[in-house]
Structures are given as structure tokens and as C-alpha cells.
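[1] the following comprises the amino acid sequence and a computationally predicted model.
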Amino acid sequence: MTLEELGWNTFFAGEFAPHAGQGLVPARLIRETKINFSALLEGGEEVDCVLGGKVWHEAETDADLPAVGDWVALDLGAEGDEVIIRERLARVSRFSRKVPGKSAEEQVLAANVDIVVVVTDPGPDYSLRRIERYLMLIERCGAKPVVLLNKVDLFSEEHCANAADELRGLSEMAEIHLTSARDSQGLEILRGYLQPGVTITLVGSSGVGKSTLVNQLLGGEWQETSEVNEVTGRGRHTTTHRELIVLPEGGLLIDNPGVREIQMWTDEETLRESFVDVEELASRCRFSDCKHQKDAGCAIEAAVEAGSLDLERYQSYLRLEEEIDELNRRRRKRRMATERWAKRNRRVKARNLADRIELEKEERGEA
């Protein structure tokens, strides 16, 4: 197995060049646990490795730490020594979300990914607004967006076709496909994306068939799957960790646990680019500070009333604005807390230094 088959290219070669003379070797992270990582070397050898102190201390946030899909420079040491990650190479892309809950941290779901495949179904999991959020995150990442409308064998052709048409209306870039992992229907389309050296990641809610898709691609029971609940139409969550898998026919796949919460990790610029049609309407509002909520002369509300702007898209726009405002507030709060901690730490160090100097003077009899 060559490095190129693992996704290596001229960009990563340039990033690794300063470390080549230090006895380090390039590797790609394929698995992460609470205590260590697993990585693949050229030739296909898998090694366990731990994070070096320099990488840990230089990371400003958790998102700067190595993640599945990252290229790293490894110190293999002598036989029997612990393999250490000395550097994380710069990324060409990272697919992220905000950590669920009240945290203001970024969570990297996949690093150096070329294609992000969102898996959903035409039934209980179907949500235009959630898919819209996924597509915004993928746009920020810079990867190619693909949506698989899976489990179409459980619904009528007309129902599935209507759902696919709605999804196509969300993005001109996204490619929409109908699949049935259970019947192997449409999997040749997914295989078409899996070229040598190309990395894709599967994301979506629990129980939409991601593990079954992986099993079909690998030709075996790689991931444990669960039966579909007859009441909810959903399978139980089966994938419990992220893992990069090298596929037999070429290509690399990062399998993700079911994503139950898809909060935005983005900024105002990305938001406005994704809602350019709504922003164009906002420019026509009578007042520049229009809140678009029962304000006089609001062009957005007028478009909703006239039926030219979908009500759910308008509501999604308002929610996203609120969410980003809240995220920015949490970031400011975290930054203030970090600055207070740093000042306190500097004061403690200065006080300890002064105490040590005084103690040394006393010991020399200079007091």
C-alpha cells in the first residue's frame, strides 16, 4: 500500500519536508481512542501511537489536536519504544460541527476529507432543515457534498422521487441519489466516488443504514447492524467510534457514529452566502436594522406572505442567526475566562519567583 493510496499528495509532501531529516515518518491516523491513536504507515503497517507533548501544548483548541484522517509525523523510536506523534501536518479540509451542549468548542468529525456523504431516509429521519445545515457545514469544509436517500425499498417510488426533488432544491452543488443498502440498490453510485486516494466520510442520524452501507462496500459484516424498529422505522445506533477504512477496491472511508445533534460551526459570512436569496430580500427592507419579525416594510415577510419564500426556510434563517449569535457569545465568554486564567497564572508565577528570590537571599544572609 502506497502513501498515495492513503491520500498522500504534493501538499502533504511539502508539509512533511521539514521533518524528513529528523528521522520521522509520515502516517495517516485511522482510529482514535481515549488513550491513543492508530495510524497506517507506507506499506500498510498499522501502529499504535500517542500524542507528543509539543503537539498538545501548541494546540490552541481541541480542534487543533490530531483527528481521524489527519496526516502526522511519527517518531518510531527503537524497537519496543512507544511511537510518538511529533507533528500534525496542516489539513486541506476539516468537516466540523459545534460540540453538542453548551460548549463553544469545535468538534472535527473528519480531517482531510474530499467528499462528505450525508445519509438519510424518506421516512422518520427526513428533515430538509437538517440536511440544509449539513450542506452548509460541507460548504464551509470545502468538500464535495453528496446526499444518499437510503431505504427507498420501504417507501413508494413517488414518495421517494418527491423527497429527492426537495433535496435537490437545497443546493446546486449537492448530488442526490436514491439507495437501498439492504437490496444493494444504487451502491454502484457510491462506489463511483471511491477512487484510489480519495477520502469520503458518511454522516447522518443513527439508524439510517450507514453501517449496512459500509458492510456492502466491504463485502462483509464490518460493522454490527441492528434490526429496524417496526414502530419508528429506525434502526438502533451501531457505530460507536470514528474509523478510517481502506476499501479493497480503492478509496478511503471515514465511518462516523450517528450524529444526533448538528449544531453549526460556522460564521456570519458562511451563513449569508448560504442564504443569498434571503439576504437579497433583506436588502430591500425599508429599514437597514430590520429584524425581519413583524417590522414595517420588511421585504422578507412580504415574500413569505406572497409565497415566493418558503416559510420554513425563513424560519431556519432566523434560527441560524440566533444560533451563531449564541455561539459567538460563548466564544467571547470562553476567551475572557482564558484571559483571566492566564493573568492569574502570570501573577502566581511572579509571586512564586519573588518568594524564591527572598528565600535565596535569606539563605545567603542578605536579608
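    Good, I have the coordinates. Numbering: from 1, shown residues only.
[2] from the contact counts, what lies against the longest helix along the chain?
    Ranked by residue count, the top helix of the chain under DSSP state H comes out as helix 311-364. Helix 311-364 sits against helix 128-141, helix 268-274, helix 276-282, helix 299-306, with contacts defined as 3 or more C-beta pairs under 8 Å, 6 or more residues apart in numbering; DSSP states H and E. Where you see a C-beta, it was placed from the backbone N, CA and C, and this is true even at glycine.
[3] and the pLDDT for Tyr193?
    Each residue has a pLDDT score; the one for Tyr193 is 90.
[4] I'd say it and Ile200 touch.
    Yes: counting by C-beta atoms under 8 Å, Ile200 is a contact partner of Tyr193 at 5.8 Å.
[5] one step back: the helices and strands packed on helix 311-364: lowest mean pLDDT?
    If these are sorted by mean pLDDT, helix 268-274 sits at the bottom with a mean of 63.
[6] how about Pro66, secondary structure?
    coil (DSSP: H, G, I helix; E, B strand; the rest coil).
[7] got a list of what it touches?
    Counting by C-beta atoms under 8 Å, 6 or more residues apart in numbering, Pro66 touches 29, 32, 37, 51, 55, 72, 85, 88, 111.
[8] which one of the residues you listed sits closest to Tyr317?
    Within the contacts of Pro66, the smallest distance to Tyr317 is 29.8 Å, found for Ala111 (C-beta to C-beta).
[9] quick one: the closest one from Phe11, how far?
    As judged by C-beta to C-beta, to the nearest Å, Ala111 and Phe11 stand 13 Å apart.
[10] which one of those two is surrounded by more residues?
    Higher neighbour count among Ala111 and Phe11: Ala111, with 26 against 14, using other C-beta atoms under 10 Å.
[11] not counting its neighbours along the chain, what's nearest that one?
    Gly69 (3.7 Å; C-beta to C-beta, 6 or more residues apart in numbering).
[12] am I right that that neighbour is in a helix?
    No: with three-state DSSP as the criterion, Gly69 is located in coil rather than a helix.
[13] picking that back up, and the angle from the longest helix of the chain to helix 128-141?
    Counting by axes from the mean of the first three to the mean of the last three C-alpha atoms, to 10 degrees, helix 311-364 lies at 50 degrees to helix 128-141.
[14] and Ala161, which of the three is it?
    Here Ala161 is helix, with the state taken from three-state DSSP.
[15] okay, now it: neighbour count?
    By other C-beta under 10 Å, the residues close to Ala161 number 15.
[16] how near is Trp56 to Ser96?
    Per C-beta to C-beta, Trp56 is found 20 Å from Ser96.
[17] scratch that, Arg31 is what I was asking about
    As judged by C-beta to C-beta, Arg31 and Ser96 stand 19 Å apart.
[18] the more surrounded of those two?
    Using other C-beta under 10 Å as the criterion, Arg31 and Ser96 rank with Ser96 on top: 21 against 17.
[19] A strand includes the more buried one, no?
    Yes: membership of Ser96 in a strand is supported by three-state DSSP.
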